[in-house]
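Enquirer: Okay, predicted coordinates and the sequence, questions at the end:
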Amino acid sequence: MTTQTIRFNIPHHFVTTCPPANHLHGTQKMTAVPGRAVIDVDCRLLPGQDADYALTHLKAAMGKSLVNHPGVSIEVMHVRAGSRSHVGSAAWNAVALAASQVLPGSEPIPVMMTGFTDLSSYREQGTDALGAFLFDPSETFQDIMGRYHGKNERISLRSLWCGTQFYALAVKALLEDPDA
């Protein structure tokens, strides 16, 4: 088997903890100075990180003068740790088999995704869950990632065909695997 190095141009915020100010609110009136302002921060945690880790980064981004200001408070509303799929599991093996059957010579590669999916809820319950899809091999990773939640969020007919065949074969492999 030949090993190929694949380089991805992945945005920095996909692979680091970054505390973005997702929602700011204070008043609805244009000419009023609010008595109180709130900044909501949705900070995605990577596997192995916890709320303390995220708070450390948030406080560093805010700076000491804001963190220590008597009128500033930080409240953690919800924490969900990052999760990961297990390479080498029955599900991973079924995906690998299905991918090689649809596109001979292909194999899955683990990719970190920072978006939320229901898979993390399944993993919390002890289920081996992973997300996978087989795209048209003529499309680059950057092409595919550039369409997620973008102006041109679509899938090609070739990718739809590859993905449909892939899912059918992956389910068949899981059903036939006595260890799954």
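Expert: Perfect, I can see it now. Numbering: from 1, shown residues only.

Enquirer: Correct me if wrong, but Asp40 is in a strand.
Expert: Yes. Looking at Asp40 with DSSP: H, G, I helix; E, B strand; the rest coil, it is inside a strand.

Enquirer: what's the neighbour count on the nearest residue to it once chain neighbours are set aside?
Expert: Closest residue to Asp40 apart from its sequence neighbours, by Cβ to Cβ, 6 or more residues apart in numbering: His23 at 3.9 Å. The way it works is simple: take the backbone N, C-alpha and C, and place the C-beta from them, glycine included. Residues lying near His23 (other Cβ atoms under 10 Å) number 10.

Enquirer: Need the phi and psi values for His23.
Expert: Backbone geometry at His23, expressed as degrees, to the nearest 10, gives phi -150, psi 130.

Enquirer: Met77 versus that one, what's the distance?
Expert: Using Cβ to Cβ, to the nearest Å, His23 is found at 12 Å from Met77.

Enquirer: Repeat that for Ala168.
Expert: Ala168 is 41 Å from Met77, by Cβ to Cβ.

Enquirer: How much space separates the residue lying farthest from the centre of the chain from His23?
Expert: Relative to the C-alpha centroid of the chain, counting by Cα atoms, centre = their mean, Thr31 is the outermost residue, at 39.9 Å. The gap separating Thr31 from His23 is 22 Å, by Cβ to Cβ.
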